[in-house]
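Participant: kindly return the folded structure for what I paste below:
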Amino acid sequence: MDRPAPPPSELLEIAIDVARDAAATAYRMRIEGVSVAATKSTVTDVVTAADRAVERQITDALRRLRPGDAVLGEEYGTADGGTTDAPARVRWIVDPIDGTVNYLYGLPHCAVSIAAELDGAVVAGVVRNIHTGEEWTATAGGGAWRAGERLRCSTETDLGQALVITGFGYDARRRAHQARVVAELIPYVRDIRRLGAAALDLCLVAEGRADAYYEKGLAAWDQAAGGLVAAEAGLRIGGLKGLPPGPEMVIAAPPALYDPLHEHLTRWDAAGGP
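Facilitator: Prediction:
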């Protein structure tokens with residue numbers, strides 16, 4: 001007999017406990033000194049020993065707490081749960097260190113990100129800053145929260161007054177295309193920031209510390225938890241031309257800013273290039 005579906009609140013409690021332990025490990029390893037273990041897409045796209053150790057710690061903890069679930073992690077890919085041929089109803093999406101380059105350099109904008117999917121929909125998520133301990137949480141339909149305060153996104157209605165966060169890929173040709181998009185967009189906004197950790201960027205926009213966010217090239221682990229926090233804070237989340245958010249484009253903006261930002265990004269083919 002199938003187990004009943006766990007409530008999002010139960011999954012969130014697990015995610016928070018696991019994320020806090022993982023963030024403590026990542027912080028300790030950073031203080032002790034960290035080295036590059038490998039590279040991924042390019043020589044500038046690094047993996048540290050901490051990325052791998054923290055993901056193993058998270059996966060082991062989730063296996064112990066919910067042995068029938070699946071886990072998708074950035075460093076080790078998919079591990080299917082369960083003991084039958086039926087797919088697991090719950091899948092955990094894990095970024096052990098979002099903002100690895102920031103982490104490598106000791107810049108305090110990096111985080112552990114853990115989300116829980118139930119039957120293919122993200123229903124719970126936590127993002128915890130490794131350096132500061134700031135923690136953002138959300139459940140589907142239950143709102144987004146930090147430090148006991150419910151989050152509401154920016155109420156800005158004029159794109160020209162909006163502070164917009166974006167990010168860049170690691171491939172030099174993609175960076176060049178993304179730089180051209182920024183050059184076209186910047187006259188139409190208040191300013192642009194590039195902070196280097198998508199999950200945290202989405203959380204900052206969720207609480208109005210910036211007004212909007214867009215980026216090409218995000219994987220599931222980059223946006224799962226942060227995207228839920230953003231959506232539960234009232235942001236509209238999507239891709240370009242009616243597509244859902246995904247690797248081609250993620251836009252997170254208040255309803256009043258979404259369409260004008262989308263129009264500019266479409267005009268300059270922000271989802272294009274390498």
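Participant: next one: Thr155 from Gly246, what distance?
Facilitator: Distance of Thr155 to Gly246, computed by Cβ to Cβ, to the nearest Å: 27 Å. C-beta: built from backbone N, CA, C; applies to glycine.
Participant: what about the two, which has more around it?
Facilitator: Gly246 (16 against 10; other Cβ atoms under 10 Å).
Participant: now do the contacts for the more buried one.
Facilitator: By Cβ atoms under 8 Å, 6 or more residues apart in numbering, the contact set of Gly246 is Leu218, Gly239.
Participant: mind giving me the domain ranges of this structure?
Facilitator: Listed domain ranges for the chain are 8-150, 159-267 (source: automatic domain parsing).
Participant: can you list these in JSON lines and add distance to Pro274?
Facilitator: Shown next, in JSON lines, are those (distance: least, Cβ to Cβ, whole Å):
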{"stretch": "domain 8-150", "distance to Pro274": "11"}
{"stretch": "domain 159-267", "distance to Pro274": "4"}
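Participant: worst average pLDDT in those domains?
Facilitator: For the domains of the chain, mean pLDDT drops lowest on domain 8-150, to a mean of 89.
Participant: end-to-end on that domain?
Facilitator: End-to-end distance of domain 8-150: 17 Å, with Cα to Cα, to the nearest Å as the criterion.
Participant: distance from stretch 201-218 to the middle of the chain?
Facilitator: 10 Å (Cα atoms, centre = their mean, to the nearest Å).
Participant: my error: substitute stretch 216-227 in the last question.
Facilitator: 4 Å.
Participant: how about it as CSV, C-alpha atoms only?
Facilitator: Taking C-alpha atoms only, stretch 216-227 is exported to CSV below (Å, rounded to 0.1, in the frame of the first residue of the first chain):
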residue,chain,number,x,y,z
LYS,A,216,19.5,32.1,-18.5
GLY,A,217,21.0,28.7,-17.8
LEU,A,218,19.6,27.8,-14.4
ALA,A,219,19.3,24.1,-13.5
ALA,A,220,16.5,22.7,-11.3
TRP,A,221,18.7,22.9,-8.1
ASP,A,222,19.4,26.6,-8.8
GLN,A,223,15.8,27.6,-8.7
ALA,A,224,13.7,25.0,-7.0
ALA,A,225,13.7,26.3,-3.4
GLY,A,226,14.4,30.0,-4.2
GLY,A,227,11.7,29.9,-6.9
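Participant: give the buried residues for that stretch.
Facilitator: Lys216, Gly217, Leu218, Ala220, Trp221, Asp222, Gln223, Ala224, Ala225, Gly226, Gly227 (16 or more other Cβ atoms under 10 Å).
Participant: does Leu185 really touch Val164, like I thought?
Facilitator: Yes: taking contacts as Cβ atoms under 8 Å, Leu185 lies within contact range of Val164: 7.4 Å.
Participant: who's more crowded, the two?
Facilitator: Between Leu185 and Val164, Val164 has the larger neighbour count (other Cβ under 10 Å), namely 24 against 20.
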